[in-house]
Structure formats: structure tokens, C-alpha cells
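Enquirer: when you get a sec, could you give me coordinates for this:
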Amino acid sequence: MKILFVHNNFPAQYRNIVAALAREPGFELVAVGAPTSRSLPSVKLIRYALPKADISGTHPFARRFDIECRRAEQVLYSLSSLQMSGFSPDLILAHPGWGETLPLRSIFPKARLLVYCEFFYGAEGRDIGFDPEFPVPGLDGHIGLHVKNATTLLALEDCEMGISPTRWQKSTFPPHYQSKIDVIHEGIDTLRMRPNPHARLTLPNGQYLRPSDEVVTFVARNLEPLRGYHIFMRALPEILRCRPNAQVIIIGRSGVSYGLPPPTGTTWKSTFLAEVRDRLDLSRVHFLGGVAYETFIAALQVSSAHVYFTYPFVLSWSMLEAMSAGCLVIGSDTAPVREIIRSGDNGLLVPFFAVDELAERIIEALAQPTRFSELRAAARHHVIDHYDAEQVCVPRMRLLLNQRLGAPPPGGKSWPRKFGQ
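Expert: The predicted model follows:
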């Protein structure tokens, strides 16, 4: 069976299923992605170019779609060369978010298409308009938001089925497409991401932290409001005042992944740090920026309280990884966090805008660490039981590929005929 993966940042969400398929006989695996894509063993990777384009003459509503069409053109060139080499996929797994799925059905009409349904933009009940601190887009903004779904809608029309990582993310899609979408998370490596009582995190200043220290952790790809960075920063003064030995580890870059950009010439990181700077002991607040994965693991393993806040939006891997590492996760009471965390059972939930309550929960976690030992253990067990890549998520994906899309089962095994049994 020939399988094609299309993702601008390959392997991304496909890392675990690709690794599993690569270990099995009978598969020819090819991936197409942007220059940032990374190769994996047993996978032929084709990187397409991203030439600069002037879209200033394009209508503002259509600029994103213009860029997506240009990207789709580059994917088309790559796929045409692939087709001429004799490769014709039986199955295509692709992310529709950047326009890369636009040429797939035309160039490979007989292939079965499975799209990754990460998020469907909408003006209500999601990230837009959630935070009253920031401006709500007007009618033109709503139209632009609607157009952001264009390539996703075309992919949903073309595909045999879709995959969403959480039930809530699936629920953001139009009801008439939801019957096509199954919920399967890509999975977490719970063996690598596990508690370690001997962990040691070395800071840039040479200081090191261990699990016995009072450590508060906050992680986001970029430090921005959508991931609750402003709420966390506003809670810090009280935390540091009440816990004079507490150390704060903040991992994340200064750019923008999602949501509104900061005022020109600034970053969200600097904006909200400046708001509380004069009330912080900055010798105990450590901004690590982007870090190596091993550093990230060590930070979670020494954490006394890990804060994960988000607008109603895509769930970050980091929250599940923190739970797998045995962290006490203090999360925002928002979707899809509340789908995973049951407050008082396997973590704690706090209303997103409740700065004082967030500070109180963190202070309690630092002052009474043994009180939350059962929650930490329950968090890890929950991830192992429901989100472990090797034991849960990849087998579910393989079963799905076998039953719904015709991929042969691993090792010639006979699977049940009805998915999910």
C-alpha cells in the first residue's frame, strides 16, 4: 500500500502513525511538506518551495486564500513530479489548514483522503470575542474569518473522512460534516514523558532546580493572550509575595502563533511583563524562550504546579505531556481543557479570567505538595489510559485505516469489523 502524507511542517501530528507504519512491511511512505519539514526513517520526503509573493493587490478578504492557492500550486508541482515517477497513493493523510489539500483530489482522483480536522473558525463560542480585553472584529473581520475556512471546507467535501484530536475540536465543524469525523488523538509518548524524582533542570545562570524545590511552570509555543500568558503574569506578584522560595519557569518564544498581533514594535511577552515588572522579583522568574525537548521534559519533571490556560481553541500537546510527566496541572475552565481535566480528580480548573483564584491554587500547590499527590498520579494514569501513542492512539488509527480506508492490518491480524469495538 502506498501512503502519502501532506503537511507543511511534516511530521507534526503524523509522527506517531508514520513511525508505526514504517516498522511494518508492505507500505511505501511518501511525505510532501514545506522547507521546515523534517525527514523520518523509511519515508521519502519532498520539500516544496515557498517563493515570496506580493498580495497587496489582493482583496483583504481573500489574501489568506491567495497565499493558500500559491502554496497549493507548489504542492501540485511536487505531486506532478511524484506522479511521473510512478507513485500513485492508495491513501492520503493531509492537513487542510494551509491550502495543501486543494490539488489532491484532482491529481490523485482514486486515492482515499483522510484530513486532519484541527479547528474550524467561527465568530462565537471559540477564540474570537472570548477575551473582552481585546477588540472584537467588525463585520469585515467576521467575513475574513469565514473565508479562513475555505480550503478546509473544500477538503471536507473531497475527503472520505476526517480525524479530530478532541471531541470539542470536532464539534467546531459544521454539523453536516461531523459524521465524517472520528475523534482520535495523535498520542503522547508516556514512556519518555514520565515522572522522574531525580530530575534536574539547569537554568542559564547555572542554578539548578529539582522536584523538591517550589517550581511553577508555564509553557506555550509563543507567549500570547490566547494561551493565557497575560492572566498568568498578573498572578505572579501574589505568588512570589506569598512563596519567597518559589521559582517560575516560563518556556515560549516572543512571536505570535495565534490571535491578534501585539502593538507595533512590541511583543506580548514584553507588554505583560512591563505591566507587573515593578512587583516581581525577576531573579526568580526565568524566561527560557524556545528550548530543546529534553529541557522541556526536565522542566515538567521538576514542576510543583504547571499552568495551562487557553481560549477555547486547539488543545496543546504540552498539557497532556505535563499530565504524563505527573504534573499538577492547573488549567483554565475552557474547552477543550475541561474535556481532559476533571477538577479535583486529575488536575484543577480555574475560570480563565480569575487571576486571584489562579494565584491561590498555585500558592496552595506550593505550600502543600503532598496534598495533590493523588491528582498527579491520576493525571498520568488518565493520559496512559486514553492518550498513550503506542498502546492507545496508534492502534486506533491503524484500526481506522484498516476498516474505513482499506489499509491492511498490521502483521496480517484480523480486526473487528466495526470501528471502536
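Enquirer: on the three-state scheme, residue 221 is what?
Expert: strand (DSSP: H, G, I helix; E, B strand; the rest coil).
Enquirer: can you map out the helices along the stretch 301-421 of the chain?
Expert: Here the stretch 301-421 of the chain has its helices, by DSSP state H, counting those that start in this stretch, at 317-324, 337-340, 355-367, 373-387, 394-405.
Enquirer: how about those, which one is nearest residue 20?
Expert: Residue 20 lies closest to helix 394-405 among these, at 4.7 Å (Cβ to Cβ). Placement of C-beta: from N, CA and C, glycine included.
Enquirer: and that closest one, which residues are buried?
Expert: Going by neighbour count (16 or more other Cβ atoms under 10 Å), the buried part of helix 394-405 is 394-403, 405.
Enquirer: want to throw the residues you listed into a markdown table with pLDDT and distance to residue 129?
Expert: Converted to a markdown table, the buried residues of helix 394-405 look like this (pLDDT from 0 to 100; distance: Cβ to Cβ, whole Å):
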| residue | pLDDT | distance to residue 129 |
| --- | --- | --- |
| 394 | 97 | 37 |
| 395 | 97 | 39 |
| 396 | 96 | 34 |
| 397 | 95 | 34 |
| 398 | 93 | 40 |
| 399 | 92 | 39 |
| 400 | 91 | 35 |
| 401 | 89 | 38 |
| 402 | 86 | 42 |
| 403 | 80 | 40 |
| 405 | 69 | 37 |
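Enquirer: would you say residue 162 is within a strand?
Expert: Yes. Under three-state DSSP, residue 162 falls within a strand.
Enquirer: what residues does it make contact with?
Expert: Residue 162 sits next to 114-117, 156, 173, 177, 180-182 when contact means Cβ atoms under 8 Å, 6 or more residues apart in numbering.
Enquirer: wait, which of the helices of the stretch 301-421 of the chain is closest to residue 228?
Expert: Closest to residue 228 of those is helix 355-367 (Cβ to Cβ; 8.9 Å).
Enquirer: in helices only, show me the contacts of residue 162.
Expert: 156, 177 (DSSP state H).
Enquirer: nearest to residue 200, of the contacts of residue 162?
Expert: residue 116 (36.6 Å).
Enquirer: ok, back up a step: deepest-packed of the helices of the stretch 301-421 of the chain, please.
Expert: helix 317-324 (a mean of 25; mean count of other Cβ atoms under 10 Å).
Enquirer: which residues in the stretch 101-250 of the chain form strands?
Expert: For the stretch 101-250 of the chain, applying DSSP state E, counting those that start in this stretch gives strands covering 112-116, 161-164, 181-183, 201-202, 208-209, 215-222, 247-253.
Enquirer: distance to residue 386 and mean pLDDT added to those, as CSV?
Expert: Output for the strands of the stretch 101-250 of the chain, formatted as CSV (distance: least, Cβ to Cβ, whole Å; pLDDT from 0 to 100):
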stretch, distance to residue 386, mean pLDDT
strand 112-116, 19, 97
strand 161-164, 15, 97
strand 181-183, 11, 97
strand 201-202, 28, 98
strand 208-209, 30, 97
strand 215-222, 21, 98
strand 247-253, 25, 98
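Enquirer: for residue 125, what are its contacts?
Expert: Contacts of residue 125 by Cβ under 8 Å, 6+ apart are residue 312.
Enquirer: just the pLDDT for it.
Expert: pLDDT recorded at residue 125 is 90.
Enquirer: now do the one 4 residues further on
Expert: The model reports residue 129 with a pLDDT of 90.
Enquirer: what's around it, how many residues?
Expert: Neighbour count of residue 129, defined by other Cβ atoms under 10 Å: 16.
Enquirer: list the residues that contact it.
Expert: 123, 136.
Enquirer: same thing but at 10 Å, please
Expert: Residue 129 makes contact with 122-123, 135-137, 142, 311, according to Cβ atoms under 10 Å, 6 or more residues apart in numbering.
Enquirer: list only buried entries from these.
Expert: For the contacts of residue 129, a neighbour count by 16+ other Cβ under 10 Å gives the buried set as 122, 142, 311.
Enquirer: quick one, what contacts the first one?
Expert: Residue 122 makes contact with 128-129, 142, 145-146, 148-149, 172-174, 312 under the criterion Cβ under 10 Å, 6+ apart.
Enquirer: picking that back up, so which of the helices of the stretch 301-421 of the chain is nearest residue 208?
Expert: Taking the helices of the stretch 301-421 of the chain one by one with Cβ to Cβ, helix 355-367 is closest: 18.3 Å.
Enquirer: I figured residue 378 hits residue 327, correct?
Expert: No. If you go by Cβ atoms under 10 Å, residue 378 and residue 327 don't touch, sitting 11.7 Å apart.
Enquirer: next structured bit after the longest helix anywhere in the chain?
Expert: As assigned by DSSP H, the longest helix anywhere in the chain is helix 63-84. The C-terminal neighbour of helix 63-84 among helices and strands, as given by DSSP states H and E, is strand 91-94.
Enquirer: quick one: residues in contact with that following strand.
Expert: 1-7, 13-14, 17-18, 27, 30-32, 75, 79, 100-101, 104-105, 108, 111-116, 155, 158-160, 163, 397, 401, 405-407.
Enquirer: picking up where we left off before, list the buried residues of the longest helix of the chain.
Expert: So helix 63-84, judged by 16+ other Cβ under 10 Å, has buried residues 64-65, 67-69, 71-72, 74-76, 78-79, 82.
Enquirer: what does stretch 127-144 give?
Expert: For stretch 127-144, the neighbour count (16+ other Cβ under 10 Å) marks 127-131, 142, 144 as buried.
Enquirer: likewise for stretch 16-25?
Expert: For stretch 16-25, a neighbour-count test (16+ other Cβ under 10 Å) marks 16-21 as buried.
Enquirer: got CSV for those, with pLDDT and secondary structure too?
Expert: Output for the buried residues of stretch 16-25, formatted as CSV (pLDDT from 0 to 100; DSSP: H, G, I helix; E, B strand; the rest coil):
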residue, pLDDT, secondary structure
16, 97, helix
17, 97, helix
18, 97, helix
19, 95, helix
20, 95, helix
21, 95, helix
